[in-house]
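**Q** coords please:
(one chain, ligands or ions: 2)
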Amino acid sequence: MSLNPISAFTDVPLPEEALTRFFAEWQLEPQRELVALDSALGRCLFEDVRAPGDLPAFVRSTVDGYAVRAVDVAGASRAAPIVLRVIGEVPMGQEPQVAVLPGTAVKIHTGAMLPPGADGVIMVEWTSLRDDHHVIVTQRVASGGNSIARGEDVVAGQLLLTKGRRLRPDDIGGLAAIGLAQVPVARRPLVALISSGDELVPAYREPGPAEVRDINGALLAALVQEAGCIPWHLGISRDDPVQFRQLVHTALASADAVIVSGGSSVGTRDLTRAILEELPDSRIVVHGVAVRPGKPTLLAYVGKHPFFGLPGNPVSAFATFRLFVRPALGRFLGSMEEQRFTVRARLKRPIPPSDGREDYVQVRVFEDIGEIVAEPVLGKSNLIFTVVRANGVVRMPATVKGIPEGQMVDVWPY
Ligand code: AMP
Ligand code: MG
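**A** Ligands and ions are numbered 1, 2, ... in the order given. Below you'll find the predicted structure:
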């Protein structure tokens with residue numbers, strides 16, 4: 001089949017407009033699956049989680065000592081010790097078999113259930129034994145003192161974690177506490193990756209004199225993984241329609257989304273658009289975005305499946321992934337991408353004006369004599385180590401004509 005290469009970008013929206021247009025056609029919903037709690041880290045909750053009961057479910061001591069009635073020891077001090085009769089001990093993990101009656105105490109350990117009648121615990125440090133059956137108390141305790149009330153952590157029915165939450169280690173602990181052994185999460189989409197270019201060799205191979213290693217395959221796989229999805233690197237396609245078409249078909253047969261890096265522009269060797277246009281149910285929503293780096297970005301669908309053509313320069317692939325692909329992958333997960341923190345920093349060197357595009361400038365943020373500063377890491381977008389050297393990015397809107405040195409900027413940390 002012959003290909004119709006196009007020669008120029010015609011409609012080049014700003015990033016936000018590009019995403020709006022793209023999401024306007026989004027059709028896929030997150031899908032539910034249950035995973036064991038020990039596999040749930042980093043997964044996105046498919047539904048809200050509410051407390052099935054009070055936590056703790058019973059009143060617990062927070063110290064080792066003696067469970068007492070607070071009124072019995074109201075006047076206790078070093079100068080005026082009070083003697084109580086010890087009538088038993090609460091075994092850990094068991095319900096107390098004795099109740100605290102006036103003038104008595106029950107030995108208790110941290111975390112054990114308070115016996116009936118007791119409403120406070122005297123720390124062992126404030127007691128001494130008079131004999132086998134009596135304890136001398138030298139400090140008072142308020143009612144409820146040195147104990148955790150039932151429901152003090154959460155109460156039955158309380159909303160604990162909201163749908164879309166990306167589970168953190170502490171969340172996993174919380175889910176264990178309420179006994180959610182099987183966690184409803186969004187299925188992780190399979191994201192196919194194709195690197196394209198005659199000059200590319202796999203990262204494990206020694207490149208020939210004019211060849212380079214495939215950076216984007218590894219880079220994008222890592223980004224996909226970090227986004228909570230499953231990367232599937234199909235390998236390198238030469239700039240050859242037959243091989244390219246074949247790999248795209250393989251990708252579309254199984255993957256939920258496809259990312260092609262390289263060949264997304266409008267040159268004669270840029271095949272992504274042409275191959276996409278051959279597919280009967282493809283829709284190119286955006287080709288060309290007013291952003292730097294990353295102008296030759298292509299946002300499309302094949303059927304309901306998103307298809308991304310990212311520029312081959314690794315820094316551009318990195319930037320456009322974060323800008324366009326990551327939010328889209330979030331849709332598969334229903335993830336409430338938390339409002340990310342920015343760091344306010346003083347610009348250490350000026351950022352030159354851009355040509356009407358929205359500019360994403362890599363910076364290195366560090367503390368400099370008690371002040372947070374951001375130093376632009378300049379370099380062409382082919383240079384992967386500019387990203388490695390940076391630790392954040394500053395967004396310069398298209399309307400801003402450069403930022404002078406010394407101005408305060410907001411940095412999105414990596
Ligand atoms: P392209 O977008 O195909 O025009 O490629 C732009 C630049 O990025 C060229 O210098 C390519 O060699 C380089 N490039 C493309 N794909 C990759 C890749 N997977 N890894 C490293 N460099 C790449
Ligand atoms: Mg190329």
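**Q** which residue is nearest the middle of this protein?
**A** For the chain, the residue whose C-alpha lies nearest the mean C-alpha position (C-alpha atoms, centre = their mean) is Arg166; its distance is 5.4 Å.
**Q** Mind listing the strands the top strand by length along the chain pairs with, and their directions?
**A** For the chain, the longest strand by residue count, based on DSSP state E, is strand 358-368. According to DSSP bridges, strand 358-368 has the following sheet partners: strand 291-292 (parallel), strand 371-376 (antiparallel), strand 392-396 (antiparallel).
**Q** same question for the longest one, mean pLDDT?
**A** Translated: strand 371-376. Averaged over strand 371-376, pLDDT sits at 98.
**Q** Can you name the next helix or strand after that strand?
**A** Next in sequence after strand 371-376, counting helices and strands by DSSP states H and E, comes helix 384-389.
**Q** Buried ones in that next one, by neighbour count?
**A** 384, 386-387 (16 or more other C-beta atoms under 10 Å). For the C-beta atoms, the positions are set from N, CA and C on the backbone; glycine is no exception.
**Q** surely Gly235 meets Ser196?
**A** No: counting by C-beta atoms under 8 Å, Ser196 is not a contact partner of Gly235; they are 10.1 Å apart.
**Q** For Thr235, give me its contacts.
**A** Actually, residue 235 is Gly rather than Thr. Gly235 makes contact with 194-195, 202, 217, 247 under the criterion C-beta atoms under 8 Å, 6 or more residues apart in numbering.
**Q** can you rerun that using 10 Å?
**A** Residues in contact with Gly235 (C-beta atoms under 10 Å, 6 or more residues apart in numbering) are 193-195, 200, 202, 214, 217, 243, 247, 250.
**Q** Among the residues you listed, which are located in strands?
**A** Those of the contacts of Gly235 lying in strands (DSSP E): 193-195, 200.
**Q** can you pull the contacts of Arg357?
**A** By C-beta under 10 Å, 6+ apart, Arg357 lies in contact with 12, 14-15, 289-295, 396-398.
**Q** Roughly how far does it sit from ligand 2?
**A** Per C-beta to the ion, to the nearest Å, Arg357 is found 21 Å from ligand 2.
**Q** Also Val285?
**A** On the measure of C-beta to the ion, Val285 and ligand 2 end up 22 Å apart.
**Q** Next, that residue: secondary structure please.
**A** With DSSP: H, G, I helix; E, B strand; the rest coil as the basis, the three-state label of Val285 is strand.
**Q** For burial, what's the neighbour tally of it?
**A** For Val285, the neighbour count with other C-beta atoms under 10 Å is 19.
**Q** cool, Val141 as well?
**A** Based on other C-beta under 10 Å, the number of other residues close to Val141 is 26.
**Q** for the residue nearest to the centre of the chain, which residues make a bridge with it?
**A** Here Arg166, judged by DSSP bridges, has bridge partners Cys44.
**Q** Let me know whether it touches Gly330 as I believe.
**A** Yes: counting by C-beta atoms under 10 Å, Gly330 is a contact partner of Arg166 at 9.5 Å.
**Q** Identify the contacts common to the two.
**A** With C-beta under 10 Å, 6+ apart as the test, Arg166 and Gly330 both reach 44, 186, 227-228, 336-337.
**Q** Closest one of those residues to Ala142?
**A** Met336 (41.1 Å; C-beta to C-beta).
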